[in-house]
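A.B. asks: quick check, what structure comes out for this input:
(chains A, B, C and D)
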Number of protein chains: 4
Amino acid sequence: MAVRVGVLGATGAVGQRLIQLLDPHPEFEIAALTASEDSAGKTYRQAAKWRVDSPIPDDVADITVSATDPAAVPDDVDLLFSSLPSSVGADVEPAFCEAGYVVSSNSSNARMADDVPLVIPEVNAEHLDLLEVQRDERGWDGALVKNPNCSTITFVPTLAALAEYGLETVHVATLQAVSGAGYDGVSSMEIIDNAIPHIGGEEDKLETESRKLLGEFDGAELSHDEVTVSASCNRIPTIDGHLENVWVETEEELSAAKAAEEMAAYPSIDLRSSPDQLIHVFDAPDRPQPRLDRTLGDGMAVAAGGLQETPDGLQYNCLAHNTIRGAAGASVLNGELLLENGYL
Amino acid sequence: MAVRVGVLGATGAVGQRLIQLLDPHPEFEIAALTASEDSAGKTYRQAAKWRVDSPIPDDVADITVSATDPAAVPDDVDLLFSSLPSSVGADVEPAFCEAGYVVSSNSSNARMADDVPLVIPEVNAEHLDLLEVQRDERGWDGALVKNPNCSTITFVPTLAALAEYGLETVHVATLQAVSGAGYDGVSSMEIIDNAIPHIGGEEDKLETESRKLLGEFDGAELSHDEVTVSASCNRIPTIDGHLENVWVETEEELSAAKAAEEMAAYPSIDLRSSPDQLIHVFDAPDRPQPRLDRTLGDGMAVAAGGLQETPDGLQYNCLAHNTIRGAAGASVLNGELLLENGYL
Amino acid sequence: MAVRVGVLGATGAVGQRLIQLLDPHPEFEIAALTASEDSAGKTYRQAAKWRVDSPIPDDVADITVSATDPAAVPDDVDLLFSSLPSSVGADVEPAFCEAGYVVSSNSSNARMADDVPLVIPEVNAEHLDLLEVQRDERGWDGALVKNPNCSTITFVPTLAALAEYGLETVHVATLQAVSGAGYDGVSSMEIIDNAIPHIGGEEDKLETESRKLLGEFDGAELSHDEVTVSASCNRIPTIDGHLENVWVETEEELSAAKAAEEMAAYPSIDLRSSPDQLIHVFDAPDRPQPRLDRTLGDGMAVAAGGLQETPDGLQYNCLAHNTIRGAAGASVLNGELLLENGYL
Amino acid sequence: MAVRVGVLGATGAVGQRLIQLLDPHPEFEIAALTASEDSAGKTYRQAAKWRVDSPIPDDVADITVSATDPAAVPDDVDLLFSSLPSSVGADVEPAFCEAGYVVSSNSSNARMADDVPLVIPEVNAEHLDLLEVQRDERGWDGALVKNPNCSTITFVPTLAALAEYGLETVHVATLQAVSGAGYDGVSSMEIIDNAIPHIGGEEDKLETESRKLLGEFDGAELSHDEVTVSASCNRIPTIDGHLENVWVETEEELSAAKAAEEMAAYPSIDLRSSPDQLIHVFDAPDRPQPRLDRTLGDGMAVAAGGLQETPDGLQYNCLAHNTIRGAAGASVLNGELLLENGYL
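C.D. replies: Sure, this is the predicted structure:
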């Protein structure tokens, strides 16, 4: 029987993607949608400016949107997917957890908190058990798990594939799609025939979240990895798909050929939304490209290419679909992991 | 009295920019235009698919295009600006030099030759005297001077401004405009809603040309700088203006504030096409941006911004107009330097 | 058992779409791929610069490409889909028909020939029987059927839905995607931050093909409809999906509401590639939009919206996916009609 | 001596263009800038998110922004240029006029009022004298003159050039740039790889404003022209420059050649911002294009092309720079006309 789930912040860009992914999902059944006060009481069709390129599912369209408040969500909903603005998330996510809901959240608040697992299931599924610590400390019946920022998710799997060689220094330049900023985040006058070499707070997310993701959990405490990450983030005129140029210096010598092999061999995980092949490695030096490769593995794979040796290490490019692998799909996958590991 | 000049490869994208810059130039007078055999004998208006955003100058429109052959260019033309495909340039530029013409070339052939000066006047004007060596060795009455690749020109002035701190390692990711590939270089289906993480041969140009430009000429030989440059080149959907993310490690400690000061203070040169201020340093972290900042200094300035310290050095962004500062304007400026230094 | 089919001109943009549609098709089995002499003898993987956003099917990738010549195509192939340049098509399509092959062609040659059916199955399936006349006159064992130009296919279904009111005058302005010109048809410098108010030959195609499609076939001869169509064609910076603004004057009075009803009720046809609902009518005045609505009905539906009355008739907008509904899918659908009607 | 002028709504996209045009203007001197309450008291540099592609003029940057209120604007300012949101304009423009200021407004409020002249100086300068009626009726010392909507300004000059042939019916499809909606008017996710076939209220503006502009003023009353205009408006991914496809039916027969001649011969007016040649007529059928032709006549000219005869009249395309000719430049030009005609 399907788990009854809800979406917090269901009308936004990521909320719409969540619905697109959850509606056909055999393990989950959409039973609650929340949004801001303005939308509460309307049907989802009225409340959402639906902008995904598949029609709004009929059964979802007729759901009445509730306020984003534990009192407004039915008790028989077990799992909530959250894509709230971080300032809202910081307020209400703990309230939902306290009220007993398990929350798989894409919002950026609390990602770096000591007792909140930040998880990419193929990379660090074992961090999920930090929830035991969380429940102990906070006295929650519910639980809060986070997925990382979209630009972090894009490159961390490739780093994880190389971790055994000893990651020392990483430089990463991102070319990020406009959907990463939400529906109204980037105006057309800002970005047509242009690029913006700054995304507020983004560089810090790549630098700190990657260290947490690559860290070790000993059952009690999570230590962060020591790798030094220096990021430079750019917005470019693409709709979906974050492309990243990565330079890595490792302790042990690592050839481009060996790195390609490690990436291609990096295991996926046996969850419904995880792709069979996590990292697709292209031989062609001009791939991956956002428009051509963002839907690999139904948008849940990572693509890599252009691997080459440099004077001080390795250079390559990687790509992932920022609103699927990097946001909505990441949260759904964490939901599947929560179910698999008995947290629901 | 104005120097009579010609343009080799006058119908291409850079050729058109050369004409746009040379037509109103008080020191130069356009007296010859060459193109491929197909165009020879036609008026320039007939031969060129004019695509610059100012109308084709009337007097230039009526010039009869010649073949790209020394025999077809009048003897009283003293200076030739060349924007030929490199394979063509490699053949015909030496023939023009041997026939006594001085050639200021944007073509990529021979840029790394030991006796060919590769010059950005504000950075290494003194390299021009390598022409003495060139004439000695080759027995030419003419001379061949090169400007660097557009993506090289964009970041080398900023490196030159920091050189006294001892450049050790540079990582650079470029976000390059489509005009850099010429009029038909990038198809619309390749680049709309997309980015391409590879430009053939481009990475090597940034890595080798920058070392030559930052090298020292002792009057007899040119030594290349020892800095290690590792480049990653991307094409994005912008028309004009290359944006670059740069990380620099220096021997001496260098704060972001000090680096900004050095860049802003880096001297321009007293030539007509050189801007009063060579490097504009923005405080706003989201600048420079291609569409807003590519025309600074009539497209001849370099813009920098986002300066910040990283664990291993400095990070910043820079930008220049790739077909003006990075190509046509660079050749015109070298023409002015040749005139100033008595090579015409 | 599946019909063995081939693709003439398999490496181009429409050829790639044909393969994407034919590979999973249960009634057809790809058995031959042809291209220009340069590609003959290579595997399809080597010959094609694959640019569709799904990976190249493995079994297709290994097919050896043949020359576009009846002698080079196996005899047991029954049906050929053609997306050749029209100048090539004009030469070789008749040769294939004479050699006994049935050809469903997207190429623009011969579309207006008296004995060549030009067919949109949902609109004028009965025109297919013009093949009897064709075979009689030309003595062919094979047959040649054409689908219209992509911009014609977009608006003719909506006109057909209104035809009973007496079509008198149509004005249509098109906003066409770059994929309609083929992979290298529109350079990025031509179209980024731009629009081009002219597409060579396109206006004439909308004006003449629509009259043929709406004409009547009496079993012997095809008469063209008398409607006056005046088209103005624009290229805009979109990848896929032609949007059209249409004004229609009819003999009988026709309200916007009635027109919407007629369009929504216009029947589809019972063929695999035909959508359940041929014309989707939007209430929202800002729909249809290329990026949001081009994949309706797996790219085989037509979308309409913005219906309103004007002083002299009716105004509305329509949209279809130009390389699926407007090209590759149109040819496949005609192939299904040929099979259904016993021509294979 | 220069007239002291102010800009109402100085921080918006059109406000910035106004400052860019007024700063170097020899007849006008910027003496006041107003904006919303949030900005009042700040320097213009602090208040405006400057996004024009030339640096903010230094002297303007230091002006203290006032509230948009007659009491806050110095009395020695004679002329105000207004680019307020229409709801604000409707409230405050009359207050400024009552307080004695002459207002040249780009805001859409009151454009169709009987006693408000709607003026394109080259087309209907004589309508300005409607101000006598306005002052009589309203008892104002000041005065209010309007320029039309950007999409109206683009095609009305071409209609005016053909008016003597008797305009009967006009169909017009617009392809409009995003800057027409203001800085945040169109989000990038709405428009990249897309087009939107609807702009709220825009069709009505083309239809009604054009009839007023082409009407006759007999010294007491303004009669509107009888031409029927039916417009369909589209937003496309261009930054600046509205392109329009126009069909015209005239009483008298009119060949394409004759129409081209009439347009090219249509007189400009002897005001500083009016171009020498008002309408540039291109022979090349693929011109005008937004990126190539929007800056003709410093952005104040109109371009036309593609003239051809159709079964029921004439078809052509036209283009103008929507934020210069179509907005800020239009208001400045009306300011020059007010000065010339003694209204200041």
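A.B. asks: okay, CA-based contacts and neighbour counts for the rest of this
C.D. replies: Will do.
A.B. asks: tell me which helix or strand A:V52 sits in.
C.D. replies: Take DSSP states H and E as the rule and A:V52 turns out to sit in neither a helix nor a strand.
A.B. asks: next, count neighbours for it.
C.D. replies: 16 (other Cα atoms under 10 Å in any protein chain shown).
A.B. asks: got it, and A:S273?
C.D. replies: Using other Cα under 10 Å as the criterion, A:S273 is surrounded by 22 other residues.
A.B. asks: now do A:S87
C.D. replies: 11.
A.B. asks: do A:D58 as well
C.D. replies: By the measure other Cα under 10 Å, the count of residues near A:D58 is 10.
A.B. asks: tell me the pLDDT at it?
C.D. replies: The confidence metric pLDDT takes the value 91 at A:D58.
A.B. asks: show me the contacts for it.
C.D. replies: Going by Cα atoms under 8 Å, 6 or more residues apart in numbering or on different chains, A:D58 touches no other residue.
A.B. asks: would you quantify the distance from it to chain D?
C.D. replies: Taking Cα to the nearest Cα, to the nearest Å as the measure, A:D58 falls 23 Å from chain D.
A.B. asks: look up phi and psi at that residue.
C.D. replies: A:D58 has phi and psi values of phi -60, psi -40 when expressed as degrees, to the nearest 10.
A.B. asks: one more: A:H171?
C.D. replies: Note on A:H171: its backbone torsions stand at phi -110, psi 140 [degrees, to the nearest 10].
A.B. asks: and it, how close does it get to B:Q315?
C.D. replies: 10 Å (Cα to Cα, to the nearest Å).
A.B. asks: tell me the secondary structure for the residue in the stretch 151-300 of chain A that chain C sits nearest to?
C.D. replies: With Cα to the nearest Cα as the measure, A:L292 is the residue of the stretch 151-300 of chain A nearest to chain C, at 4.7 Å. Three states are possible here, and by DSSP: H, G, I helix; E, B strand; the rest coil the one that applies to A:L292 is helix.
A.B. asks: can you count the residues close to it?
C.D. replies: If you count neighbours by other Cα under 10 Å, A:L292 ends up with 20.
A.B. asks: who's in contact with it?
C.D. replies: Remark: with contacts taken as Cα under 8 Å, 6+ apart, A:L292 is in contact with C:R51, C:V52, C:D53, C:S54.
A.B. asks: now A:P237
C.D. replies: Contacts of A:P237 were listed using Cα under 8 Å, 6+ apart, and they are A:177-178, A:191-195, B:193-194, B:236-237, D:188, D:192.
A.B. asks: greatest separation within those: which pair is it?
C.D. replies: Taking every pair in those and measuring Cα to Cα, the maximum separation is 15.6 Å, between B:I236 and D:S188.
A.B. asks: quick one: the residue of the stretch 151-300 of chain A closest to chain C from C:V103, how far?
C.D. replies: Using Cα to Cα, which is the criterion applied here, A:L292 is 31 Å from C:V103.
A.B. asks: ditto for A:D38
C.D. replies: Shown here: A:D38 relative to C:V103, a distance of 58 Å by Cα to Cα.
A.B. asks: which of those two has more neighbours?
C.D. replies: Higher neighbour count among A:D38 and C:V103: C:V103, with 28 against 11, using other Cα under 10 Å.
A.B. asks: quick check: that one touching C:W140?
C.D. replies: No: using Cα atoms under 8 Å, C:V103 is not in contact with C:W140, being 11.6 Å away.
A.B. asks: hey, what's in contact with both of the two?
C.D. replies: C:C97.
A.B. asks: get me the contact residues on chain A for chain C.
C.D. replies: With Cα under 8 Å from any Cα of the partner chain as the criterion, chain A comes near chain C at residues A:R51, A:V52, A:D53, A:S54, A:I192, A:D193, A:R291, A:L292, A:D293, A:T295, A:L296.
A.B. asks: could you give the backbone dihedrals for the closest residue to the fifth one other than its chain neighbours?
C.D. replies: In this case it means A:I192. Ranked by Cα to Cα, 6 or more residues apart in numbering or on different chains and with sequence neighbours excluded, the top spatial neighbour of A:I192 is A:P237, at 6.1 Å. Backbone dihedrals for A:P237, given as degrees, to the nearest 10, come out at phi -80, psi 60.
A.B. asks: for the nearest residue to A:H224 once chain neighbours are set aside, give me its contacts.
C.D. replies: For A:H224, the nearest residue in space outside its immediate sequence neighbours is A:G215; the separation is 4.1 Å by Cα to Cα, 6+ apart. Listed by Cα under 8 Å, 6+ apart, the contact set of A:G215 reads A:L222, A:S223, A:H224, A:D225.
A.B. asks: which of the residues you listed sits closest to chain B?
C.D. replies: In terms of Cα to the nearest Cα, no member of the contacts of A:G215 lies closer to chain B than A:D225, at 15.3 Å.
A.B. asks: wait, doesn't that closest one sit right on A:E216?
C.D. replies: Yes: distance between A:D225 and A:E216: 7.5 Å, which falls inside the contact criterion (Cα under 8 Å).
A.B. asks: do you know the pLDDT at the residue in the stretch 1-150 of chain A positioned nearest to chain C?
C.D. replies: Evaluated by Cα to the nearest Cα, the stretch 1-150 of chain A has A:D53 as its residue closest to chain C, separated by 4.7 Å. As predicted, A:D53 sits at a pLDDT of 80.
A.B. asks: how about a markdown table for the contacts of A:P237, with pLDDT and secondary structure added?
C.D. replies: Output for those, formatted as a markdown table (pLDDT from 0 to 100; DSSP: H, G, I helix; E, B strand; the rest coil):
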| residue | pLDDT | secondary structure |
| --- | --- | --- |
| A:A177 | 98 | coil |
| A:V178 | 97 | helix |
| A:I191 | 98 | helix |
| A:I192 | 98 | coil |
| A:D193 | 98 | coil |
| A:N194 | 98 | coil |
| A:A195 | 98 | coil |
| B:D193 | 98 | coil |
| B:N194 | 98 | coil |
| B:I236 | 98 | coil |
| B:P237 | 98 | coil |
| D:S188 | 97 | helix |
| D:I192 | 98 | coil |
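A.B. asks: need the residues of the stretch 201-344 of chain A near chain D, please.
C.D. replies: Taking Cα under 8 Å from any Cα, the part of the stretch 201-344 of chain A that reaches chain D is made up of A:P237, A:T238, A:I239.
A.B. asks: residue contacts, the second one?
C.D. replies: Residues near A:T238 by Cα under 8 Å, 6+ apart: A:Q176, A:A177, A:V178, A:P290, B:I192, B:D193, B:N194, B:A195, D:I192.
A.B. asks: kindly recompute the last result at 6 Å.
C.D. replies: A:A177, B:D193, B:N194 (Cα atoms under 6 Å, 6 or more residues apart in numbering or on different chains).
A.B. asks: the second one and C:T208: what is the separation?
C.D. replies: Note on B:D193: its distance to C:T208, by Cα to Cα, is 34 Å.
A.B. asks: of the two, who's got more company?
C.D. replies: Comparing B:D193 with C:T208 by neighbour count (other Cα under 10 Å), the higher total belongs to B:D193, at 25 against 19.
A.B. asks: spatially nearest residue to the more buried one, not counting backbone neighbours?
C.D. replies: Across the structure, with Cα to Cα, 6+ apart as the measure, the residue nearest B:D193 apart from its sequence neighbours is A:T238 (4.2 Å).
A.B. asks: report pLDDT for the one you found.
C.D. replies: Per-residue pLDDT puts A:T238 at 98.
A.B. asks: just A:E202 next, same as before
C.D. replies: With respect to pLDDT, A:E202 has a value of 97.
A.B. asks: same question, A:H25
C.D. replies: Each residue has a pLDDT score; the one for A:H25 is 97.
A.B. asks: what's the neighbour count on it?
C.D. replies: Counted with other Cα under 10 Å, residues neighbouring A:H25 total 15.
A.B. asks: and A:S268, by the same measure?
C.D. replies: Other residues near A:S268 come to 16 when the count uses other Cα under 10 Å.
A.B. asks: does it touch A:N124 like I think?
C.D. replies: No: under the contact definition of Cα atoms under 6 Å, A:S268 does not touch A:N124, with a separation of 11.3 Å.
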